[in-house]
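Participant: Just a sequence and a predicted model for now, questions to come.
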Amino acid sequence: MPIEFTHVPGKTHPAGTAVPFFYDFAETATKLGLVEDSGFRKIVVDDSAGLLTNMDLAAQVLDRTSSLEVVLTHWAGVVEPTVAARQLASIDRKSGGRLALRMISEPLNDDDAETRPVGHTVIWQRIDEYLVLLKRLWSNDRPFDHEGAFYSVKGGYVPRKGPHGADLVIRMGGQSGTALKVAGRHADVFELAPGSIDEVRQLMERVRGAAAEHGRAGKLRFALPVRIHQGAAAATGHKAVDVAGPPAQAALSLLAYAALGIDEFMIVGVDTPREIATVGRETIALLRNSLARREAEVPQPGAYAPRVPQVARAAG
């Protein structure tokens, strides 16, 4: 399967103002066109205004593009599963199936804190139950009742399913055993934490092990957040692998990660029209051409040995 590229917009304007990527839609429309034409297949919607805004922005982005897939950042606890299931199915249906759900962990709200201890395990247990309910609502042919640790559903039913039904792509991440257990059960795409080649390989092995417990080891795809620098890499606050140097060197650095079996690079920090166009025209094109050449030389998928990248490190 060819490598895919996902655009991850910054939550603030690149000029340093408090205006997020999506809020000036005249400017955003131009950027979306560039993203779509520059080799990116997906775009992440993760606005600082929160979940409900993300849903609205996802619908607008899908309306204004023809092929771009939207990765909608989402978390449990803001809206009830029955409401979320209807809204997400509607967005996916109107877009022709171009929606993916990116589940992240968020603290439980104050009301929950009064009735049960708030901790890492509890948060992931809630995500697990939430996803189970979403999938049931996207696939059931008659209303059902549910009484769980976090949710109570009476007559749960979504009459108009999305084109994927319960197979809407679910994306998750994490590093703890608890997070990996839930991701192993539900995730179609696992978003890796930044790290060295060996660290990323080890995390991928742990994720596959967790998925194998549910018979899903071969169903997972892996995505890696990457920040591309034209010059020397500098310390940043982004949780992404830093790749520095001219386009050919950046592409070579990413080849080493692609050889691990990574299917997708999530490009962070490319927000201006010039940056988007340059990365698409140079780094993405070079990486795709290099992968195509190596696959032609060694037909067996994943059998080629990557060259050692000159610059590739994880940002703190």
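Facilitator: Cool, got the structure. Computed from a predicted model, the values in this text were never measured in an experiment. Residues are numbered from 1 along each chain as shown.

Participant: In the stretch 201-316 of the chain, what residue spans correspond to strands?
Facilitator: Ranges of strands within the stretch 201-316 of the chain are 221-229, 241-244, 264-268, 313-314, based on DSSP state E, counting those that start in this stretch.

Participant: got these as JSON lines, with mean pLDDT and distance to Leu180 columns?
Facilitator: (Each C-beta comes from the backbone N, C-alpha and C, glycine too.) Formatted as JSON lines, these follow (pLDDT from 0 to 100; distance: least, CB to CB, whole Å):
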{"stretch": "strand 221-229", "mean pLDDT": "93", "distance to Leu180": "13"}
{"stretch": "strand 241-244", "mean pLDDT": "89", "distance to Leu180": "20"}
{"stretch": "strand 264-268", "mean pLDDT": "95", "distance to Leu180": "19"}
{"stretch": "strand 313-314", "mean pLDDT": "50", "distance to Leu180": "19"}
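
Participant: Let me know which of those is the nearest to Gln125.
Facilitator: Smallest distance to Gln125 across the strands of the stretch 201-316 of the chain (CB to CB): 24.5 Å, for strand 221-229.

Participant: The closest one vs strand 264-268, what angle?
Facilitator: Put simply, strand 221-229 runs at 30 degrees to strand 264-268, going by axes from the mean of the first three to the mean of the last three CA atoms, to 10 degrees.

Participant: send the alpha carbons of strand 221-229 over as PDB?
Facilitator: The C-alpha trace of strand 221-229 is given here as PDB (Å, rounded to 0.1, in the frame of the first residue of the first chain):
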ATOM      1  CA  ARG A 221      -2.300   0.700  10.000                       C
ATOM      2  CA  PHE A 222       0.300   3.000  11.500                       C
ATOM      3  CA  ALA A 223       0.600   6.800  11.300                       C
ATOM      4  CA  LEU A 224       3.600   8.900  12.400                       C
ATOM      5  CA  PRO A 225       3.500  12.600  13.200                       C
ATOM      6  CA  VAL A 226       6.400  14.400  11.400                       C
ATOM      7  CA  ARG A 227       7.600  18.000  11.400                       C
ATOM      8  CA  ILE A 228       9.700  19.000   8.400                       C
ATOM      9  CA  HIS A 229      12.400  21.700   8.700                       C
END
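
Participant: that older thread, the strands of the stretch 201-316 of the chain into a markdown table, with extra columns for mean neighbour count?
Facilitator: Shown next, in a markdown table, are the strands of the stretch 201-316 of the chain (neighbours: other CB atoms under 10 Å):
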| stretch | mean neighbour count |
| --- | --- |
| strand 221-229 | 22 |
| strand 241-244 | 24 |
| strand 264-268 | 24 |
| strand 313-314 | 16 |
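
Participant: With distance to Pro194 added, can I get those strands in CSV?
Facilitator: Converted to CSV, the strands of the stretch 201-316 of the chain look like this (distance: least, CB to CB, whole Å):
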stretch, distance to Pro194
strand 221-229, 6
strand 241-244, 5
strand 264-268, 10
strand 313-314, 4
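
Participant: which one of those strands lies closest to Asp24?
Facilitator: Taking those one by one with CB to CB, strand 264-268 is closest: 20.3 Å.

Participant: Tell me which strands that closest one pairs with, and in which orientation.
Facilitator: strand 4-8 (parallel), strand 221-229 (parallel) (DSSP bridges).

Participant: And the next helix or strand past the first one?
Facilitator: Once the chain leaves strand 4-8, the next helix or strand it forms, by DSSP states H and E, is helix 25-37.

Participant: OK, contacts around Tyr130?
Facilitator: Taking CB atoms under 8 Å, 6 or more residues apart in numbering, we find Tyr130 in contact with 76-77, 81, 150-151.

Participant: no no, Ile104
Facilitator: By CB under 8 Å, 6+ apart, the residues touching Ile104 are 73-75, 172-173.
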